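**Q** Below is the sequence, then the predicted model.
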Amino acid sequence: MFLREIFVNPRRKSILAEGGGNIWPDTMEFYPTPDLVQALLAQVKTYLHKAGFPLHLQGSGANQDPTPEHPTGDLDVSCDMDQVKQYFKIPQSKKLADDDKAARVALEQFLLDNGVPATYKAGVTVHIKFPYNKQFYQCDIKVVRKAEKVSKFHQHIIPKGSPYKGVHKQVVMSALASAKNMLWSPDEGLYARDANRKKADLITDDWDEVARTLLGPGHTGRNLGSAESIMAAIKDPTLKKQVHDAAVTGSSWTSTPLRGPATPLMEAATVGRKYQHIEDLVFTNGSKGGMHAVERLSHMGTKGTNIELKWDGSPVIYWGRDENGAFHMFPKNAWDYMKRGTTHTKSGVTTMMNDPDDVAQFILGTGTVQPGQEQGRQAYAQGLAELWPLFESISPKSGYIEGGILFSPTQPPEYNPTSGDFDFTPNITSFHIPAASELGKKIGKFDKAGNFLGFNAKLMVAATGFYTHIGAVETRYDNAEKLSTADVIVQGTTYVEHAPKVHDSGLKHAENYINANKANIDSFIAGQPGLSKPGDVLYTFFNQNLRVAGVKQKFAQWANEKLSAAQAQKILSHPGLDAVLTAVEMLTSEKMKLISGLSSGTHGGIRQTKPEGYVQAHPGGKFKNDLPGQFVKTIDQANWAPRKD
């Protein structure tokens, strides 16, 4: 029997499951000053003197900080697996994992035989209890390959006052690697992912090269020292938000206690999405956001530059080729599964679409079908699967395009001889394309007498995003129209042709109101004890109740029903609440004037009925109340809502 059975704390399993801590109740916490760390390390080395394994410091003990801010419950070191195997002459079996386990068992017994009072082996680590200056301490010896390199992965540079630990750094690194279609292993290095998002070939285990691969040229391992330094090094705001959201919502993050109140990891607000509802800027960025919304609405109404139609295609499809050149076509829900690395649903349906039958089986094997709708579901699945060769004909050479179907063989356009337009309604918005326009000529054909002969195109799809791989950050596929064929029209970005020249008196009124209520608005958005993120509360409210006139009257009832009594009291009693809601309604009113003006004309020969709205990337230049890089969308939520299917 190992002596660990006598000494080990019965709580050890729960402690290890929680990610660290003292296994033995009588081992000391200590501040890892360089002198004490070296003294403890020297004591541990005495037990390994006969074997001669080098030990590599990691964790807080490797920081060389003469005034460490936090105590630690253990000394973290690593030693090399291959050296351990060689010393103990571990025979090679058919399973590498079995050999690794045998090596750690041998090391544990060796330590006991050479004077260590107690041990406990868990995973890749051999924990030991040892004496120093008449007190017991704990050392965690991680046995891994390439220990000298791997130890750098666990050497952190945590800023003073940070609430985050080394594990939070590892979570952020994992989220960043996943966003770039890679996989981070804290004990091995940076790996590529295959077409199924599984672990593939090792990219690098050099710490500085890991930094350059994840963050770009000019970065070193120091940029990977903490959660804060990694986030600060990510310059792309979309990527930064994707990494942040994936990290802080994961179980490893939420199950690891912070060392104090959470501090922001992003400079910009994280409420909402890449394309922010323009009126939401009040509760994502306070009075400055509200003033920026005023300036953007004025710019869109008078300049009209860089304003895009928001295509209302349905269903949304992702199509393209993986790194091996294989074509895939994903319904949106299948794509969402794959982004999370989930290759099968709970019922066993594959989410990797390798052929048309996979598409049909995914549709039929997911979702809830109401009685009497079985035949419709079957027809929908079959119709979508039959689009496979059409989408393959417009595939990029690599990467994936996101787009919404505008018309297809199962829902073709109609020719209206009275108006001379081709009409189609894929979701809520109806599109009207003059038959005589360049786009109209691609859709249908006529004889010399002007008689309609039929359709040229079988499928029309609006390309709205591009991803270099599954799980990548969304970008734009330039000149998507060039992918079109005789059978398939790919509609790329369509810009507004003329500014609507909206009268700005309402915007002046909104500007004056926000300025007059600046203090109350900012005080409300800043939060308070027990209600740290009121902007998140308002975002949820508006998503559930839509951004329409008069909606603020519903908030009190909603808050009392949806929030705890204490939270409801805090938010409803704050003097800034009414100012924020009033500012949102003012901006909503001005937004609707803009949408009405924009929708009265045609853009690229396209006229819309019940348009979803318009979007605008930051147009450049400098606004007085600027939010650099801010994307905005103006959506008519009074008349448009997405179909829930």
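**A** Cool, the structure landed.

**Q** In CSV, could you pull the C-alpha coordinates for the longest helix along the chain?
**A** As assigned by DSSP state H, the longest helix anywhere in the chain is helix 576-599. Taking Å, rounded to 0.1, in the frame of the first residue of the first chain, the C-alpha atoms of helix 576-599 are listed here in CSV:
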residue,chain,number,x,y,z
GLY,A,576,-31.5,57.3,-15.2
LEU,A,577,-33.9,54.6,-16.4
ASP,A,578,-36.5,56.9,-17.9
ALA,A,579,-33.8,59.0,-19.6
VAL,A,580,-32.3,55.9,-21.3
LEU,A,581,-35.6,54.5,-22.4
THR,A,582,-36.7,58.0,-23.7
ALA,A,583,-33.5,58.4,-25.6
VAL,A,584,-34.0,55.0,-27.2
GLU,A,585,-37.5,55.9,-28.3
MET,A,586,-36.3,59.2,-29.8
LEU,A,587,-33.6,57.5,-31.8
THR,A,588,-36.1,54.8,-32.9
SER,A,589,-38.4,57.5,-34.2
GLU,A,590,-35.6,59.1,-36.2
LYS,A,591,-34.5,55.7,-37.4
MET,A,592,-37.9,55.0,-38.9
LYS,A,593,-37.8,58.3,-40.8
LEU,A,594,-34.5,57.2,-42.3
ILE,A,595,-35.8,53.8,-43.3
SER,A,596,-38.9,55.3,-44.9
GLY,A,597,-36.8,57.6,-46.9
LEU,A,598,-34.4,54.9,-48.0
SER,A,599,-37.1,52.5,-49.0
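
**Q** where does Val502 land in three-state SS?
**A** Assigned by DSSP: H, G, I helix; E, B strand; the rest coil, the conformation of Val502 is coil.

**Q** whoops, Val461 was the one
**A** strand.

**Q** do Trp319 as well
**A** Per three-state DSSP, Trp319 ends up strand.

**Q** what's the helix or strand that the longest helix of the chain is followed by packed up against?
**A** Following helix 576-599 in sequence order, the next helix or strand is strand 607-609 (DSSP states H and E). Where contact means 3 or more CB pairs under 8 Å, 6 or more residues apart in numbering; DSSP states H and E, strand 607-609 is packed against strand 430-434. (C-beta placed from N, C-alpha, C; glycine too.)

**Q** please redo it, this time with the cut-off set to 10 Å
**A** strand 421-424, strand 430-434, helix 576-599 (3 or more CB pairs under 10 Å, 6 or more residues apart in numbering; DSSP states H and E).

**Q** Which strand residues bridge the closest residue to Gln276 other than its chain neighbours?
**A** Nearest-residue entry for Gln276: Val632, 5.7 Å, with adjacent residues in sequence omitted and distances by CB to CB, 6 or more residues apart in numbering. For Val632, the beta-bridge partners under DSSP bridges are Gln276, Gln616.

**Q** Assess the claim that Val632 and Asn285 are in contact.
**A** No: contact criterion CB atoms under 10 Å: Val632 and Asn285 do not qualify, at 11.7 Å.

**Q** and for these two, which residues touch both?
**A** When CB atoms under 10 Å, 6 or more residues apart in numbering defines a contact, the residues bordering Val632 and Asn285 alike are 276, 292-293.

**Q** out of those, which one sits closest to Thr343?
**A** Set against Thr343, the nearest of the shared contacts of Val632 and Asn285 by CB to CB is Gln276 (32.8 Å).

**Q** what's the neighbour count on Ile443?
**A** 21 (other CB atoms under 10 Å).

**Q** what does the one 10 residues further on give?
**A** As a burial measure, Leu453 scores 9 neighbours (other CB under 10 Å).

**Q** got it, and Pro68?
**A** Pro68: 19 neighbours (other CB under 10 Å).

**Q** Scan the shared contacts of Val632 and Asn285 and report the most crowded one.
**A** Ala293 leads the shared contacts of Val632 and Asn285 on contacts (other CB under 10 Å) with 32 neighbours.

**Q** Name the nearest residue to that residue, ignoring sequence neighbours.
**A** Leu281 (4.5 Å).

**Q** which residues touch the one you found?
**A** 269, 271-272, 288-294, 296, 583-584, 587, 625, 627, 630, 632.

**Q** Please pull out the lowest mean pLDDT helix or strand from this protein.
**A** Taking mean pLDDT, DSSP states H and E as the measure, the helices and strands of the chain show their lowest mean at helix 4-7, namely a mean of 35.

**Q** For the residue nearest to Thr475 when sequence neighbours are not counted, give the beta-bridge partners.
**A** With CB to CB, 6+ apart as the criterion, Thr475 has its nearest non-adjacent residue at 5.2 Å, and that residue is Phe466. For Phe466, the beta-bridge partners under DSSP bridges are Ile401, Thr475.
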